[in-house]
Structures are given as C-alpha cells and as structure tokens.
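**Q** Build me a model:
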Amino acid sequence: MSPDVVTDLQQRYLADAIETATPAMRLTMLYDRLVLDLNRADQGFERSDIKLVHDSLVHAQEILITLRTTLREQEWDGAARLAALYDFLHHELVSANVTKNRDQSRRAAGLIAQLSDAWHQAAEKLASAPAEVAGGVG
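**A** As a prediction, this is how the structure comes out:
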C-alpha cells in the first residue's frame, strides 16, 4: 500500500473512532492529545527544536480553548472554577511559548496531567455505571 492510502485509512479510522465515541471518551481523547502535545513540546525543549516546541504548544493551546468553549457552565456548579483553570493554563502555555520557558511549560503540563487522570477516572466510573445512570449523564 502506498503511504497516501495508509494515511487516508488512518484518518478515516480516527474520524470513525471520534464519531462513535461517547462524550466521556471524547473528553479523554482530547486530554490524551493535550498530554501528548506537552510531552512533544518538552522533547522539543530538550533537543532545542523551537519549531516542535512552538507547534506543540500552539496545538495544546487550541485544545484548551476547545475544552473551555465546550464547557457547559450552567449545568455544573464547579464549571466556573474549571473554566478559570483552563484560562490560566492557556495563559501559561502562551507565555511559555512566547518566552520559550520550559519550566513554565512543565508546570502547566503537571497540572494538566492531574486533570487528565481525574477525567480518565471519572470516565471509567461512568462506563462501569448501570445503563440507566450512565444514560442520564452528558
């Protein structure tokens, strides 16, 4: 198979996986990619690859914007605090990118890793909940 065919198949598989995923799975997918972007940025810092740092941090910022804008603040009391945390993390990543501050990027990555773990645990609990309970969330 040609590389173009493989890439097309991979993209179609990914699109299908996203379309059929539950909201909780989509959220954890976003967090997985966010963590991956921050790991790539750190690798870029390690190798002095400024383009990799920049591209990875910009994509991470885009994910934080998506998480922030899709947050349903009127449906959950804690949403306003989470929105503020997303805003803070976005600001930290923008600043880390502009100043090429690896420590700042790592601190944000540490907070994001904790959030990711929490959302993964919540998604696992939701997936194991009885159907009538899980069906009422989201």
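**Q** which stretches of the protein aren't confidently modelled?
**A** Residues of the chain that meet the criterion pLDDT under 70 lie in 1-6, 8-21, 130-138.
**Q** how about 90 then?
**A** For the chain, the stretches flagged by pLDDT under 90 are 1-25, 72-77, 125-138.
**Q** for it, which helix is longest?
**A** helix 102-128 (DSSP state H).
**Q** Could you give the separation of that helix from the chain centroid?
**A** 9 Å (CA atoms, centre = their mean, to the nearest Å).
**Q** Tell me the helices and strands packed up against that helix.
**A** helix 23-47, helix 79-99 (3 or more CB pairs under 8 Å, 6 or more residues apart in numbering; DSSP states H and E). In short, each C-beta sits where N, CA and C put it, glycine included.
**Q** Check which helices and strands the shortest one is in contact with.
**A** Here helix 79-99 touches helix 50-69, helix 102-128, going by 3+ CB pairs under 8 Å, 6+ apart.
**Q** and the last one, which residues are buried?
**A** Think helix 102-128. Gln104, Ser105, Ala108, Ala109, Ile112, Leu115, Ser116, Trp119, Ala123, Leu126 (16 or more other CB atoms under 10 Å).
**Q** Give me the neighbour count for Gln43.
**A** Using other CB atoms under 10 Å, Gln43 has 13 other residues around it.
**Q** That one: what's it in contact with?
**A** Residues near Gln43 by CB atoms under 8 Å, 6 or more residues apart in numbering: Asp49, Leu52.
**Q** how far off helix 50-69 does the longest helix of the chain point, in degrees?
**A** Angle between the axes of helix 102-128 and helix 50-69 is 40 degrees (criterion: axes from the mean of the first three to the mean of the last three CA atoms, to 10 degrees).
**Q** What are the contacting residues of stretch 49-56?
**A** Stretch 49-56 is contacted from outside by Asp37, Leu38, Arg40, Ala41, Gln43, Gly44, Phe45, Asn97, Lys100, Ser105, using CB under 8 Å, 6+ apart.
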